[in-house]
Structure formats: C-alpha cells, structure tokens
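build the 3D model from these lines:
(chains A and B)
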Amino acid sequence: MRLPIQMTRVALMAAIAFSGAAWGQDAIGFVKTVSGDATVTDGGKAIKAVAGTPIRLKSVLKTGAKGAMGVTFKDNSVMSFGPDTEVTVDEYLYAPAKGDLKFGASMSKGALNVVSGAIAKLKPEAVSLKTPTGTIGIRGTNFAVKIEPQ
Amino acid sequence: MKVETSMKQSRGIVILIGVVVAQLATGCATPPPPPAPPPPKLVSYAVLLDNLDGSVGAITFSSPKGLIAVDRSKNAVNLDGATAPYTQDDSIIQKDFGAAIAVRPQPPAIFLLYFESGGAQLTAESQALIAKMVADAAKRPAADVSVVGHTDTEGDAEANEKLGLQRAQTVAQLISGAGLKAIETTVTSHGERDLLVKTPDNTAEPKNRRVEVTIR
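Numbering: from 1, shown residues only, chains lettered A, B, ... in the order given. Sure, this is the predicted structure:
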C-alpha cells in the first residue's frame, strides 16, 4: 500500500512540474472574440484561439486571411485584429501597487485597433508598439494601425 | 563533315528569321493593349480614433527620420516617417479597420464596493451592486475578474494588507455565491498603499475602504 501512494505522489508532483512548464506563467490577458481563423502561439506551439484562450508574455497572436480576433489584457487594454495580422507581446508588467508597469508589443503586418488601458494612463512612456519601420508611442488613446506587406 | 555542319547552321538561321518575321506580322495586325493602370499604392499608417468617451488622446511615431506626433481625431501618420500627418477618410478607416473594430471586445467594467469601518462588512449600497456584477459578467464572452482590496490608513500597514485581502476575499465569495461565472478570478490586496483619497497616516476615510472589482 505504501508504494502506490508514494508513486501517486511522485506522479502528482511530476504533473504539477509539467503543467508549470507547459503553462509557463500567468495569463496577462484573454481572447474574448474570434471570427474565422486565429491562433495564439506560445513557445513555438500554436493553438486555435477561442474565447477564453489565455495570452502570456511572448505570445504571438495571429489571424488568417479571413480571421478577426479581440483580446482584453489585465490592465484593461483592448486589442482587436483584422485579417492577416500578427502581433507579439514582447514585454508586459502590470503591478500598479509596486509601480511595475510596461507594455511593449510588436506588429509585423495587418490591421490592428488598440484601446489603451491602465498602463498607458499611469505611465504613458512605458507603452509602445513596434512596427517594421518605427515605433508608435501611446498617450492614453484609441488608435488603429495598418501595415502593408513589404 | 565540315560542309554538312555549316548547312545545318544556315538552315537554323533561316528558321529563326522566319519566326521573327511572323511575330512582327502579327504584331502589326493587332496593336498591343494599352498598359494596365498601376495598382493603387499600399500605404502603412497609424490613425488616431475617438476614445470611447468621445475624447481624443495622442500617438507618436518615431523612426530614424524623426518623431511625428498626432493629436486630432482621424489624423493619420504614414509609417514611412517622411509624410506630414493628414486627415484620413472615414471610408478608408472603415475599409481598413472595419473587421477589427467589429470584433473589439466591450470595455471592461469597474465596480467599487465600500466597507463599514474596520471590518469586512459591505455597506448596504455596495451590497446591492453584487447582482449588477453578476449580470454584467453574464453578458461577456469568457469573463475574467480581478478583485483588489484596499483600506484607509487607520491602523498599521501590515494589518491593512491583511484587512484588504480579507475584504477582497469576502467580495470574491459574495459574487461567486451569487452566481458570477468567470474563467479566472484573481484576488489581491493593495492594503493602504493605493489610496483613492490621499490622507495622512492613521486617518479614517470611508472612500479608501473599498474593493475594486474589474470585469473584463
């Protein structure tokens, strides 16, 4: 009897360790809306986006040729994607009580609408969206970006 | 052997000339169609839109060519960094961003709940907000919720961290007990570090004794 219990415990610990590795870290936002094809890629592994799919640091968010997707981040920033759009979350820190605030993303192509959230309100200089030709700075606002293929 | 080779070559040349002549002849008979108009130039740009409350913020674009600031509604800046800002047509904004705007999630809702002094007992008014929060979350796809507890500066900071957490836990239990469905609920305390109304230490302030619930 003793052995199986210990084995179960080991298996449980392994499962915790594995899930820790698979999930990487806490969600920084969630997919809320999807139309057509959209994916979220973490650590090179793409999964089909649905309402509730978590977004993590370094996630790559992508829509297909007829896809669209909406995402809400923990600081209440909202991003919505038109077709054939790709954005990577490079940096995200949201701990307002400690003053840790940072939101850096890069967009390589497509059409994106951004409604900035608490990070842009508390520390505008901590928010940026990189594009292939330069960087967009945000001062608490609703804006949209279109990037044509090079 | 030599003669045969040169005859083959000359025959080849004759055939080649024939083909060229034939092509010239057909070219004369049907004039080539006029060249197609060049495709419209595709421009990468950022455009400032009205905020959801009707105000307008600002964006900047910085590139090796310098920094361009835009602070008027529908003002656009091309991402070549070399064009002056201009007003973008509504029809072009709609064509380029209509699909993205159509799936934009609704803005998160923030509810503030207040407490009687010293404990984790909600005021009667705040108690009434519980049902509203449940209804709000039910309208959202995959709602996620943050519950953050705050205190005033009465008592010591460490005790207030705990009190803030206790208040947040009370609210988290109330909303979940009332049937609020969330894919994730995070419960944290900011203690007395994040005052809504700035006060000196050891000051009772009802507006600071609060829990902030954000439904996304």
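
tell me the contacts of the nearest residue to residue A:115 once chain neighbours are set aside?
Nearest residue to residue A:115 in three dimensions, chain neighbours excluded: residue A:78, at 4.4 Å (CB to CB, 6 or more residues apart in numbering or on different chains). For every residue, glycine as well, the C-beta is placed using N, CA and C. By CB atoms under 8 Å, 6 or more residues apart in numbering or on different chains, the contact list for residue A:78 reads A:70-72, A:114-115, A:117, B:104-105, B:107-108.

out of those residues, which sit inside strands?
Among those, the members found in strands (DSSP state E) are A:70-72, A:114-115.

in CSV: those residues, plus neighbour count and pLDDT.
As requested, the ones in strands among the contacts of residue A:78 are exported to CSV (neighbours: other CB atoms under 10 Å in any protein chain shown; pLDDT from 0 to 100):
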residue, neighbour count, pLDDT
A:70, 26, 98
A:71, 28, 98
A:72, 29, 98
A:114, 27, 98
A:115, 23, 97
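
tell me the pLDDT of whatever residue of chain A ends up closest to chain B.
Nearest to chain B in chain A, going by CB to the nearest CB, is residue A:141, at a distance of 2.5 Å. As predicted, residue A:141 sits at a pLDDT of 91.

just give the nearest non-adjacent residue to it, would you?
residue B:57 (2.5 Å).

which stretches in chain B count as helices?
B:2-29, B:90-102, B:124-127, B:129-138, B:157-177 (DSSP state H).

run through the residues that contact residue A:64.
Per CB under 8 Å, 6+ apart, neighbours of residue A:64: A:36-38, A:83-84.

what pLDDT does the closest residue to residue A:77 other than its chain neighbours get?
Nearest residue to residue A:77 in three dimensions, chain neighbours excluded: residue A:117, at 3.5 Å (CB to CB, 6+ apart). Confidence at residue A:117, expressed as pLDDT, is 95.

next, count neighbours for residue A:117.
24 (other CB atoms under 10 Å in any protein chain shown).

nearest residue to residue A:85 in space, please, no chain neighbours.
residue A:110 (2.5 Å).

please, which helix or strand holds the one you found?
Here residue A:110, judged by DSSP states H and E, is contained in strand A:100-115.

and stretch A:139-148, how far from the chain's centre?
17 Å (CA atoms, centre = their mean, to the nearest Å).

contacts for that stretch?
So stretch A:139-148 is contacted by A:107-116, A:120-121, A:124, A:129, A:131-132, A:136, B:42-52, B:56-60, B:71, B:79, B:93, B:96-97, B:100-101 (CB under 8 Å, 6+ apart).

swap in stretch B:162-174?
Counting by CB under 8 Å, 6+ apart, B:113, B:115, B:120, B:122, B:130, B:147-151, B:155, B:185, B:187-192, B:209, B:211, B:213 sit against stretch B:162-174.

flag every buried residue along it.
By neighbour count with 16 or more other CB atoms under 10 Å in any protein chain shown, stretch B:162-174 contains the buried residues B:163-165, B:167-172, B:174.

same check, this time on stretch A:121-136
Quick answer for stretch A:121-136 (16+ other CB under 10 Å): A:121, A:123-124, A:126-131, A:133-134, A:136.

give me the pLDDT for residue B:116.
Model confidence at residue B:116 (pLDDT) stands at 84.

let me fix that: residue B:89
96.

likewise residue B:35?
At residue B:35, pLDDT is 77.

quickly note the distance from it to chain A.
Separation of residue B:35 from chain A (CB to the nearest CB, to the nearest Å): 23 Å.

show me what contacts that residue?
By CB under 8 Å, 6+ apart, no residues touch residue B:35.

what sits against the closest residue to chain A within chain B?
Closest approach between chain B and chain A, counting by CB to the nearest CB: residue B:57, at 2.5 Å. Contact partners of residue B:57, counting by CB under 8 Å, 6+ apart, are A:116, A:138-143, B:48, B:51, B:71.

and the pLDDT for the spatially most central residue of chain B?
With distances taken as CA atoms, centre = their mean, the residue of chain B nearest its centroid is residue B:104 (8.0 Å). pLDDT, residue B:104: 98.

I figured it hits residue A:113, correct?
Yes: applying CB atoms under 8 Å as the test, residue B:104 and residue A:113 come out as touching, 5.9 Å apart.

between these two, what contacts are shared?
Joint contacts of residue B:104 and residue A:113 (CB under 8 Å, 6+ apart) are residue A:80.

picking up where we left off before, which of the helices of chain B has the lowest mean pLDDT?
helix B:2-29 (a mean of 50).

picking that back up, of the buried residues of stretch A:121-136, list those near chain B.
A:131, A:133-134, A:136 (CB under 8 Å from any CB of the partner chain).

just give me the neighbour total for the closest residue to residue A:118 other than its chain neighbours.
Leaving out its chain neighbours, the residue that sits closest to residue A:118 by CB to CB, 6+ apart is residue A:75, at 4.1 Å. Around residue A:75 there are 25 other residues, counting by other CB under 10 Å.

residue A:75: what secondary structure?
coil (DSSP: H, G, I helix; E, B strand; the rest coil).

these two touch, right, it and residue A:93?
No: taking contacts as CB under 8 Å, residue A:75 lies outside contact range of residue A:93: 9.5 Å.

joint contacts of those two?
By CB under 8 Å, 6+ apart, the residues touching both residue A:75 and residue A:93 are A:101, A:103.

quick check, central residue of chain A?
residue A:55 (3.7 Å).

which residues does that residue bridge with?
residue A:29 (DSSP bridges).

wait, what's in contact with residue 107?
By default, I'm working from chain A. Shown in contact with residue A:107 (CB under 8 Å, 6+ apart): A:85-87, A:129-131, A:145, A:147.

switch to chain B, please.
Residue B:107 neighbours (CB under 8 Å, 6+ apart): A:76, A:78, A:115, B:52.

I am finished for the moment; much appreciated.
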